[in-house]
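A.B. asks: 3D model of this:
(one chain, ligands or ions: 1)
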Amino acid sequence: MDIKSFSYLVPLTVSLMLSSCGNATTSNEAKDTSQVVKSNSSADTTQLPPVETGTANTEYKPAFAGQTRIGGVKTKTAYKVDEIATKIGSPWAVVPMPDGRLMVTDKTGFMQIFGTDGKVQKKVTGFPKVNSNGQGGLLDVAFDPDFVQNRTIYWTFSEDHGKGNLMAVAKGQLSADESKVENPMVIFRATPDLKSTLHYGSRIAFDKDGNMYVSTGERSILEGRKQAQWLNSGLGKIYKLTKEGKPAPGNPFLNQKDAMPEIFSYGHRNPQGIALHPVTGDLWEVEFGPRGGDELNLIKAGKNYGWPTITYGIEYSGGKIGDAIQQKEGMEQPVYYWDPVLSPSGIVFYTGDAIPEWKNNLFIGGLSSMHIARIVIDENNKVVGEEILLADKKERFRDVAYLDGKLYTVTDGGKMFVIAKQ
Ligand SMILES: [Ca+2]
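C.D. replies: The predicted structure is shown next:
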């Protein structure tokens, strides 16, 4: 059975799975689903054909039903999309500020503070030099959970280092007049440095205990690729760090000889999106696969996510990667994968009530796919629906943020859009 015909069986399988589960919210949805199957009404669960209709790059089979090409969903609530800013440079991250404005990083080495109307209010400078070649630059930003008291921000960037460059994490204080960062200092470096301008990761997400997860890629070149599997290398990893850039308490490899104690998970290719689930607190991640095999992963401490040993993709040239295997004992399967690829960048969970069917859904900025993917995840951590949003904008969506019931997104074309209930 090929992947396509296999995936058309998925909606039925999923609706049967949902029907048998006990959770109140989802069992209501499950009832809707079974009605939909009969009535073809517009209930917001898996009842449409998969949104992906393109030819896959491989004939690899998913490890379980629903791991790719899940049934489509369609938002029922009327919403509007407004372009609120244009020509804002080369934005890489859009992050809500504690006071309800938006901080946008610019790849070339500065940040800008925007009102929710899309107007620039401040330009923030004073950051250490970035190497903005290729995929590098001033990348993500995060606000200290106690920002109101300490005005501390954290950011990731690509830094010239040794004979090459690497992804670094830095912190500093936003000046009172919001014009610059004060006391900038690098608190962590994803060593070793390599001569590559690709696959830096890199996102930051604070957990409820005030530690931060930081993702980084394997730098694309073969020398870095293999190191995604090495616990003594900083490449292709998700770290868990304290605010000082030290290993977080309880990290899985704290006491393992020859392992970097900052590592939380490994075997990643280029994880450009991470976010904590608003209900479970679990860490979710998206990463670029090669040609085929972009992944959505549920990240657990100490686990190996397989790259480059297992993958649902092939080389850009068309060749096989490694032994061309997709599953291996001791390596985690993606919760979901895409082939052809989405090119997933920043992600965010929708936590509001304005568009009720979006609650706790994951929104993924897609680059080469030029859309935002809406992913419905059930209480068993399975993907049960996918929707394509904003495809008509024909933009590469670099990051997505949630604020007050709305989604804000920035694009490689230097635009900002807001998506809100109509
Ligand atoms: Ca993987």
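A.B. asks: Give me the phi and psi angles of Leu222.
C.D. replies: Geometry field for Leu222 lists phi and psi as phi -60, psi -30, criterion degrees, to the nearest 10.
A.B. asks: Tell me how far it lies from the ion.
C.D. replies: 18 Å (CB to the ion, to the nearest Å). Placement of C-beta: from N, CA and C, glycine included.
A.B. asks: can you count the residues close to that residue?
C.D. replies: Applying the criterion other CB atoms under 10 Å, we find 10 residues in the vicinity of Leu222.
A.B. asks: for the residue most central in space within the chain, what are its contacts?
C.D. replies: With distances taken as CA atoms, centre = their mean, the residue of the chain nearest its centroid is Gly273 (1.9 Å). Listed by CB atoms under 8 Å, 6 or more residues apart in numbering, the contact partners of Gly273 are Arg203, Ser215, Glu285, Val286, Glu287, Pro344, Ser345, Gly346, Ile347, Ile364, Gly365.
A.B. asks: For burial, what's the neighbour tally of the third one?
C.D. replies: Neighbour count for Glu285, taken as other CB under 10 Å: 27.
A.B. asks: Not counting sequence-adjacent ones, nearest residue to the residue nearest to the centre of the chain?
C.D. replies: Ile347 (3.6 Å; CB to CB, 6 or more residues apart in numbering).
A.B. asks: quick one: pLDDT of the one you found?
C.D. replies: Confidence per residue is given as pLDDT, and for Ile347 that number is 98.
A.B. asks: Pretty sure it sits in a strand.
C.D. replies: Yes. Ile347 forms part of a strand when assessed by DSSP: H, G, I helix; E, B strand; the rest coil.
A.B. asks: Do I have it right that it meets Leu362?
C.D. replies: Yes. Using CB atoms under 8 Å, Ile347 is in contact with Leu362, at 5.9 Å.
A.B. asks: which residues do the two both contact?
C.D. replies: Both Ile347 and Leu362 are contacted by Ala275, Trp284, under the criterion CB under 8 Å, 6+ apart.
A.B. asks: who's in contact with Gly133?
C.D. replies: Just so we're on the same page, residue 133 is Asn rather than Gly. Contacts were defined as CB under 8 Å, 6+ apart; by that measure Asn133 touches Thr197.
A.B. asks: give me the element it is part of.
C.D. replies: Using DSSP states H and E, Asn133 sits in no helix or strand.
A.B. asks: Let me know the secondary structure of the residue nearest to the centre of the chain.
C.D. replies: Remark: Gly273 carries the secondary structure label strand [criterion: three-state DSSP].
A.B. asks: Report pLDDT for it.
C.D. replies: Here the pLDDT value assigned to Gly273 is 98.
A.B. asks: before we move on, what about Val10?
C.D. replies: Reported pLDDT at Val10 in the predicted model: 41.
A.B. asks: same deal with the one 10 residues further on?
C.D. replies: If you check Ser20, the pLDDT there is 35.
A.B. asks: Next: the one 4 residues further on.
C.D. replies: pLDDT, the model's per-residue confidence, is 34 for Ala24.
A.B. asks: just Gln47 next, same as before
C.D. replies: Looking at Gln47, its pLDDT stands at 81.
A.B. asks: Count the residues that sit near it.
C.D. replies: So Gln47, with other CB under 10 Å, has 25 neighbours.
A.B. asks: Could you do Ala259 as well?
C.D. replies: Taking other CB under 10 Å as the neighbour definition, Ala259 ends up with a count of 18.
A.B. asks: what do you get for Lys195?
C.D. replies: Residues lying near Lys195 (other CB under 10 Å) number 12.
A.B. asks: In the sheet, which residues pair with the closest residue to it other than its chain neighbours? Tell me.
C.D. replies: Beyond its immediate neighbours in the sequence, the residue positioned closest to Lys195 (CB to CB, 6+ apart) is Gly164, lying 4.2 Å away. Gly164 forms beta bridges with His161, as assigned by DSSP bridges.
A.B. asks: how far away is Gly164 from the ion?
C.D. replies: Here Gly164 is placed at a distance of 25 Å from the ion (CB to the ion).
A.B. asks: Repeat that for Gln227.
C.D. replies: Gln227 sits at a distance of 15 Å from the ion (criterion: CB to the ion).
A.B. asks: Spell out the secondary structure type for that residue.
C.D. replies: helix.
A.B. asks: Who are the contact partners of it?
C.D. replies: Pro192, Glu218, Ser233, Leu235, Gly236.
A.B. asks: Just name the closest of those to the ion, please.
C.D. replies: The ion lies nearest to Gly236 out of the contacts of Gln227, by CB to the ion, at 10.1 Å.
A.B. asks: distance between stretch 339-346 and the chain's centre?
C.D. replies: How far stretch 339-346 lies from its chain's middle: 10 Å, per CA atoms, centre = their mean, to the nearest Å.
A.B. asks: State which one residue of the stretch 51-200 of the chain is found closest to the ion.
C.D. replies: Closest approach of the stretch 51-200 of the chain to the ion (CB to the ion) occurs at Ala63, with a separation of 11.1 Å.
A.B. asks: Looks like that residue contacts Lys328 (just checking).
C.D. replies: No. Counting by CB under 8 Å, Ala63 stays clear of Lys328, with 10.6 Å between them.
A.B. asks: residues from the stretch 151-300 of the chain in reach of the ion?
C.D. replies: Glu295 (CB under 5 Å from the ion).
A.B. asks: What ranges in the stretch 151-300 of the chain fall below the confidence cut-off?
C.D. replies: Judged by pLDDT under 70, the stretch 151-300 of the chain has no weakly predicted residues.
A.B. asks: which residues sit in contact with the residue of it found nearest the ion?
C.D. replies: Distances from the stretch 151-300 of the chain to the ion, computed as CB to the ion, single out Glu295 as the nearest residue at 5.0 Å. Counting by CB under 8 Å, 6+ apart, Glu295 makes contact with Glu285, Val286, Glu287, Gly289, Tyr305, Tyr312, Pro334, Tyr336, Tyr337, Trp338.
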